[in-house]
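A.B. asks: please work out how this folds:
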Amino acid sequence: MKIFSRPARPTRHMQPITLLLALIALALPACSSEPASAQGVGPEIGSQLPRDLALEDLAGNAVTLGDYLTPGRPALIEIWASWCENCEALQPQLDAVLERWDGDVDVIAVAVAVAQSQRRVQRHIDEHGHTYSFVWDAKGNAVRALNAATTSIVIVADGEGRVVYTGVGGDQDLVAAVAQVLQP
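C.D. replies: Residues are numbered from 1 along each chain as shown. Below you'll find the predicted structure:
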């Protein structure tokens, strides 16, 4: 007598578990001796900012990220949207960075072209009195180049343009991140 075994077919009850395990596996960072980036977002720590990254100013003129970076000066870049609650939560930290190191750090918000227009971004700036630079990521170039799958991703680079910090969410300590890069 032969015994045949059939491969187990997923039942309706197994499918959610299989999906959950697949999502957990995708969320786990790859093992490495150095972190690629904090929290798995943003460019790799130690990588160079792409100075030639094609963006637009809020009037629709072609610019590059390098147009907003001062040689020898650290930079803080936020992937931003007017509707982003985490971006709003980070605003007091950005204000503190500007108050403490205005002129010593380039602060740039990269406005994503998702559920907002350049006009809406400009209106937000006018209403809130932001004094730092805003650029428009019309084609998603920054999102792809900076590994930014969401808003509220912050990247801090040293004066040579090397990424020294990446993080995501409204509870980042941006003052500490900038202070660390400014220490001699």
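A.B. asks: rest of the way, CA atoms for contacts and neighbours
C.D. replies: OK.
A.B. asks: show me where the protein has helices.
C.D. replies: Using DSSP state H, the helices of the chain run over residues 14-27, 85-101, 118-128, 141-145, 174-182.
A.B. asks: compare the mean pLDDT across the ones you listed and name the weakest.
C.D. replies: Mean pLDDT is lowest for helix 14-27 among the helices of the chain, at a mean of 37.
A.B. asks: what's opposite the most centrally placed residue in the chain in the beta bridge?
C.D. replies: In the chain, the centroid-proximal residue (CA atoms, centre = their mean) is residue 153; its distance is 2.6 Å. Counting by DSSP bridges, residue 153 is bridged to residue 79, residue 168.
A.B. asks: buried stuff in stretch 96-103?
C.D. replies: Buried residues in stretch 96-103, defined by neighbour count with 16 or more other CA atoms under 10 Å: 97, 98.
A.B. asks: please disregard the earlier target; I meant stretch 111-129.
C.D. replies: So, applying 16+ other CA under 10 Å, buried residues of stretch 111-129: 111, 112, 113, 117, 118, 121, 122, 125.
A.B. asks: and for stretch 56-71?
C.D. replies: Quick answer for stretch 56-71 (16+ other CA under 10 Å): 56, 57, 58, 63, 64, 65, 68, 69, 70.
A.B. asks: for the first one, list each beta-bridge partner.
C.D. replies: If I follow you right, that is residue 56. Under the criterion used (DSSP bridges), residue 56 bridges to residue 62, residue 136.
A.B. asks: list the contacts for it?
C.D. replies: 62, 63, 64, 135, 136, 137, 138 (CA atoms under 8 Å, 6 or more residues apart in numbering).
A.B. asks: which non-adjacent residue is nearest the last one?
C.D. replies: To tie it back to what came earlier, the one meant is residue 138. Nearest non-adjacent residue to residue 138, counting by CA to CA, 6 or more residues apart in numbering: residue 113, 5.3 Å away.
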